[in-house]
Each structure stands twice: as structure tokens, then as C-alpha cells.
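Asks: need a structure here:
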Amino acid sequence: MYLIRRTYKTKPYEAVNVAKLVKEQADLYTSIGQRGDCRVYYNNGTNPGDPNRVYLEWTAEVFDNPSREGNVIPKEVMELGAKYRPLLDVDNGPSNWIEFWTILD
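Replies: As a prediction, this is how the structure comes out:
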């Protein structure tokens, strides 16, 4: 079993807005069966830790490439990504990245 975590680095004070859109996108993936339940959490700069961050995580039995043959990504998923992309901090290094962790059972 794997834990997959995507991190988004947002522009100042945009973390909550990005988190709402990422959650909507994640729920759409879950509703069409391409992901299990997801958790979204964020830091708008008022908590200890890295400010202006949104985290999306879920578990999976296998790594599935979203570009795999036969996989259909709904246009709504892409539209949601287009809404939060301008809110990401692209001027200071990568604006998002993904981590894969093996869960010890």
C-alpha cells in the first residue's frame, strides 16, 4: 500500500482558495473511481510550518499513470486545475510536486 502526497506552493494567502479547488478536483476523481478517499489540508501562514502550502494525499494499492492507455480524465478535472493554476507560486522554484511513500502494515 502506498501513500501519495501532492504539495502545492501557493501565492500568499491563496492556500485556502487552492485547497477548496483541489478538494473539489480530488472528490471528482474519487466519484469516478480513479482514486480512493482523499484528504486536503493547508497552511495559509497562520500555523507553524511552511506557509502557503496545500497538501493532497490518498492511498493506493498500485501506482497508476493518469496518462495510461484507455484512461479518460474528465474535462471538469482539467477545468478545476486551470482555476487554481494562476494561484500557485511559480516564481520561486517548483509550484507543486508529488511524493510516494510505502506504508508499513
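Asks: what's around the residue nearest to Glu61 when sequence neighbours are not counted, how many residues?
Replies: Using C-beta to C-beta, 6 or more residues apart in numbering and skipping the chain neighbours, the partner closest in space to Glu61 is Met1 (6.2 Å). In short, each C-beta sits where N, CA and C put it, glycine included. Using other C-beta atoms under 10 Å, Met1 has 11 neighbouring residues.
Asks: ditto for Pro86
Replies: Here the count is done by other C-beta under 10 Å, and Pro86 has 9 residues near it.
Asks: how about Ala9, secondary structure?
Replies: Careful, residue 9 is Lys and not Ala. Reducing the assignment at Lys9 to three states with DSSP: H, G, I helix; E, B strand; the rest coil gives strand.
Asks: Counting neighbours, what do you get for the closest residue to it other than its chain neighbours?
Replies: Leaving aside its chain neighbours, Lys9 sits nearest to Asp89 (4.8 Å; criterion: C-beta to C-beta, 6+ apart). If you count neighbours by other C-beta under 10 Å, Asp89 ends up with 17.
Asks: hmm, who's touching the host helix or strand of Glu79?
Replies: Mapping Glu79 onto the secondary structure by DSSP states H and E places it in helix 75-84. With contacts defined as C-beta atoms under 8 Å, 6 or more residues apart in numbering, helix 75-84 is touched by 8, 17-18, 21-22, 24-25, 28-29.
Asks: before we move on, the earlier item: and the residue nearest to Glu61, what is it in contact with?
Replies: By C-beta under 8 Å, 6+ apart, the contact list for Met1 reads 59-61, 102-103, 105.
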